[in-house]
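Enquirer: Sharing a model prediction with you, sequence too.
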Amino acid sequence: MAIRISVVTVVLNDIAGLMKTKESLFRQQYESYEWVVWDGGSSDGVAEYLENLEDKVNWVSQPDRGIYDAMNRGVAMSSGDYVVFMNAGDTFHDNGTLAKVAKALSESGPVADVLFGGAMLSFPESGRLVYRAPRTVERSLWHGLPANHQATFYRKVLLDQTPYDLQYRLCGDYYLAAALMSNAAHAVYLDEPLATFEVGGQSYKRRRQLFLEPYRIQRDVLGHPFHYRLASMAKRFVSTTGFVLLSQPLFKKKKKRSA
């Protein structure tokens, strides 16, 4: 029996991004999937667009308490064996992505609770593309996510048991990975680009939360000692600085000399 994948998309006033994600999903060669969209009450025509897709999408449009509350609600609407979160604007790397994931999951031996895959990081302002391979839990979870959220596939039953904690408004994805792996979830890895993710957004605009929330997760969920948390904070500063530099345009336009 084919593995059924639920693709959960959260959107708020981003119809262009939603259309981009829809096109990427509908081009997939793998057919055993469902598309679940939670719209937080957009005013730019999202509901009307989804309504015209008829039976191709399972969707709801109503206010929520933030992105991770919306994701929890999307999970509750899902019926697949595994869930991946592809929010408005996110795209799969190619048309065979879901087929590759389903094959890897079916051949994983013990039932996989989480699949961590690779992702292409896109820096729109500079035009750079950087591949981020999945990292093992043992080497990476002390500091951050083993893989990008868009390249991570969760067994649905585990998300029902361990939803996103809404106190983490920016790093809920890190909380989820930490909580699941702390409970001995079985992880498998697929070292291929599964998603293309545009770097930027709210994470780099709210830098205080970007540093404090991981610190709390490492303390309260992972139980790491202070020196681990301090080392992670320093590493996060270096990596954030690197992302900022990668975002800079490759060539700056020369200013015209005035007459």
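Expert: Yep, that arrived.

Enquirer: Helices of this structure, start to end?
Expert: Along the chain, counting by DSSP state H, helices occupy 15-26, 46-51, 67-77, 97-106, 137-140, 156-161, 172-182, 207-220, 226-246.

Enquirer: For residue 5, see how far away residue 100 is.
Expert: Separation of residue 100 from residue 5 (CB to CB, to the nearest Å): 11 Å. For the C-beta atoms, the positions are set from N, CA and C on the backbone; glycine is no exception.

Enquirer: okay, the two: which has more neighbours?
Expert: Taking neighbours as other CB atoms under 10 Å, residue 100 and residue 5 compare with residue 5 leading, 23 against 19.

Enquirer: For the more buried one, give the beta-bridge partners.
Expert: Applying DSSP bridges to residue 5 yields these beta-bridge partners: residue 33, residue 82.

Enquirer: Quick check: it touching residue 36?
Expert: No. The pair residue 5 / residue 36 is not scored as a contact, 10.7 Å apart, by CB atoms under 8 Å.

Enquirer: least trustworthy helix or strand in the chain by mean pLDDT?
Expert: One helix or strand of the chain scores below all others by mean pLDDT, DSSP states H and E: helix 226-246, with a mean of 77.

Enquirer: Can you check which of the helices of the chain gets nearest to residue 84?
Expert: Among the helices of the chain, the nearest to residue 84 by CB to CB is helix 97-106 (7.8 Å).

Enquirer: Would you mark the buried spots in that closest one?
Expert: The neighbour-count check on helix 97-106 (16 or more other CB atoms under 10 Å) flags 97, 98, 100, 101, 102, 104, 105 as buried.

Enquirer: Could you check how far the closest residue to the second one other than its chain neighbours is from residue 210?
Expert: Just to be clear, that refers to residue 98. Nearest non-adjacent residue to residue 98, counting by CB to CB, 6 or more residues apart in numbering: residue 30, 3.8 Å away. Applying CB to CB, one obtains 34 Å for the distance of residue 30 from residue 210.

Enquirer: what's the nearest residue to the residue most central in space within the chain if we skip its chain neighbours?
Expert: By CA atoms, centre = their mean, the chain has its centre lying nearest to residue 149, at 2.5 Å. Spatially, and ignoring its direct neighbours in sequence, residue 149 is nearest to residue 173 (4.4 Å; CB to CB, 6+ apart).

Enquirer: what residue ranges in the stretch 151-259 of the chain score low on pLDDT?
Expert: 200-207, 241-259 (pLDDT under 70).

Enquirer: Let me see the confidence value for the residue nearest to residue 98.
Expert: On pLDDT, residue 30 comes in at 97.

Enquirer: Roughly how far does it sit from residue 79?
Expert: Taken as CB to CB, the span from residue 30 to residue 79 is 16 Å.

Enquirer: Looking at the helices of the chain, which is nearest to residue 113?
Expert: In terms of CB to CB, the element of these nearest to residue 113 is helix 156-161, at 5.7 Å.

Enquirer: Summarise which helices and strands that closest one is packed against.
Expert: The helices and strands touching helix 156-161, judged by 3 or more CB pairs under 8 Å, 6 or more residues apart in numbering; DSSP states H and E, are helix 67-77, strand 82-85.

Enquirer: tell me the contacts of the residue nearest to residue 213 when sequence neighbours are not counted?
Expert: Leaving out its chain neighbours, the residue that sits closest to residue 213 by CB to CB, 6+ apart is residue 171, at 4.0 Å. Counting by CB atoms under 8 Å, 6 or more residues apart in numbering, residue 171 touches 209, 210, 213, 214, 217.
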